[in-house]
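# My questions are about this predicted structure, shown below with the sequence.
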Amino acid sequence: MKRKTSVVAVANTKGGVGKSTLSGNLAWGMAQAGCRTLLVDSDAQASVTKWFDLAEEVIFDRCQLTTARVLQTEVGRLRRQADYDVIIIDCPPLQSDVTAAAVSASALSLIPVLPSPLDVLAYADLIPLLRQAQALNPKLKLRFVVNQLDGRAALGQEVLESLADAEIGDVSSVRLHYLQDYRKVIAEGTSVVTRRCKAAKEIEDLALETIKTLGLRINKSASVREAALG
Ligand SMILES: Nc1ncnc2c1ncn2[C@@H]1O[C@H](COP(=O)(O)OP(=O)(O)OP(=O)(O)O)[C@@H](O)[C@H]1O
Ligand SMILES: [Mg+2]
């Protein structure tokens, strides 16, 4: 029997918040946890494509679908015909038609946000897009993921309150900190989960949270990470 395929869009119309960083690492983290994973690059800048083109070996499948129409058609076809547990879509900034198509097709959308009140205020244009997608797709879950948190600073209460005020989704219990490993692995064409580092733990936790939210049944073997680390 064909397995159920869940779609996860990583979206924010604001640029530079960590969409590609989160998508690429989460794809690796979920694949390492035992999910059959496809990473879709829907950004014409092709960040995740260029990142993993540098890789010797990638443990998930990849493709590029950069227009709203093609994305919608092809993701629908893949969900019906291919055998993935999860399809993760890295969305572009600004191009809200592509983002709307990706979010509308997903069971869960992860919205990376930077932990400053000004950044959160800048999401005014994003919220209507997310609400519209929820109207089209009532099963859609939205989850904010705080990224680039400074380890020394507590997450501002006003940031959490702004996110809660939007009343359209929850906030991931996993916080991604500002860590150099997230930058270093890009030049290597790999993911933080292949290293022993704090960032690896963050992404593994996010992968497990996502697997649980989607209700995926996978053959989770505790030794997968150990095996990958050698
Ligand atoms: N947690 C982090 N720690 C350190 N650097 C990070 C972190 N997250 C992202 N970065 C860096 O911040 C920059 C922007 O991240 P990224 O490209 O993932 O954002 P994006 O939202 O995909 O951007 P765009 O909107 O242009 O597609 C990159 O240089 C990335 O390496
Ligand atoms: Mg990007």
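Looks like it came in fine. Ligands and ions are numbered 1, 2, ... in the order given.
# Just give the nearest non-adjacent residue to Asp170, would you?
Arg143 (5.6 Å; CB to CB, 6 or more residues apart in numbering). For every residue, glycine as well, the C-beta is placed using N, CA and C.
# How about Gly16?
Pro93 (7.4 Å).
# Also Cys91?
Closest to Cys91 by CB to CB, 6+ apart is Ala11, at 4.1 Å.
# What is the neighbour count of the one you found?
Ala11 has 31 neighbours, counted by other CB atoms under 10 Å.
# List the contacts of it.
With contact set as CB atoms under 8 Å, 6 or more residues apart in numbering, Ala11 has these partners: 19, 89, 91, 99, 102-103, 109-111.
# Quick check: pLDDT value at Phe60.
pLDDT, Phe60: 97.
# Tell me how many other residues crowd it.
For Phe60, using other CB under 10 Å, the count is 21.
# Please apply the same query to the one 5 residues further on.
For Leu65, the neighbour count with other CB under 10 Å is 20.
# what do you get for Arg62?
Arg62 - counted by other CB under 10 Å - has 19 other residues nearby.
# Report pLDDT for Ile218.
77.
# sorry, that was for Ile168
83.
# what sits up against the biggest helix by length in the chain?
Ranked by residue count and defined by DSSP state H, the top helix of the chain is helix 198-214. Contacts to helix 198-214, defined as CB under 8 Å, 6+ apart, come from residues 6, 8, 22, 25-26, 28-30, 32-33, 35, 86, 107-108, 110, 141, 143, 145, 172-177, 179, 181-182, 191-194, 218, 220, 225.
# Kindly recompute the last result at 7 Å.
6, 8, 25-26, 29-30, 33, 35, 86, 107-108, 141, 172-174, 176-177, 179, 181-182, 192-193, 218 (CB atoms under 7 Å, 6 or more residues apart in numbering).
# What of stretch 15-23?
So stretch 15-23 is in contact with 10-12, 39, 47-48, 88, 90-91, 93-94, 110, 112-114, 145, 147-148, 176, 182, going by CB under 7 Å, 6+ apart.
# The residue nearest to Trp51 when sequence neighbours are not counted sits in which helix or strand?
Spatial nearest neighbour of Trp51, excluding adjacent residues (CB to CB, 6+ apart): Ile186 at 5.2 Å. Assigning secondary structure by DSSP states H and E places Ile186 in helix 180-188.
# Any part of that helix near ligand 1?
Yes: applying CB under 6 Å from any ligand atom, one finds helix 180-188 in contact with ligand 1 at 182-183, 186.
# Out of those residues, who's the most crowded?
Tyr182 (23 neighbours).
# re the thing from before, so which elements touch the helix holding Ile186?
Here helix 180-188 touches no other helix or strand, going by 3 or more CB pairs under 7 Å, 6 or more residues apart in numbering; DSSP states H and E.
# Centre of the chain to that helix, how far?
17 Å (CA atoms, centre = their mean, to the nearest Å).
# what comes into contact with it?
Against helix 180-188 from outside (CB under 7 Å, 6+ apart): 21, 51, 54, 191-192, 195, 197, 199.
# and the closest residue to ligand 2 within the chain, how many residues sit next to it?
Residue nearest to ligand 2 within the chain: Ser20 (3.3 Å; CB to the ion). The tally of other residues near Ser20 (other CB under 10 Å) stands at 25.
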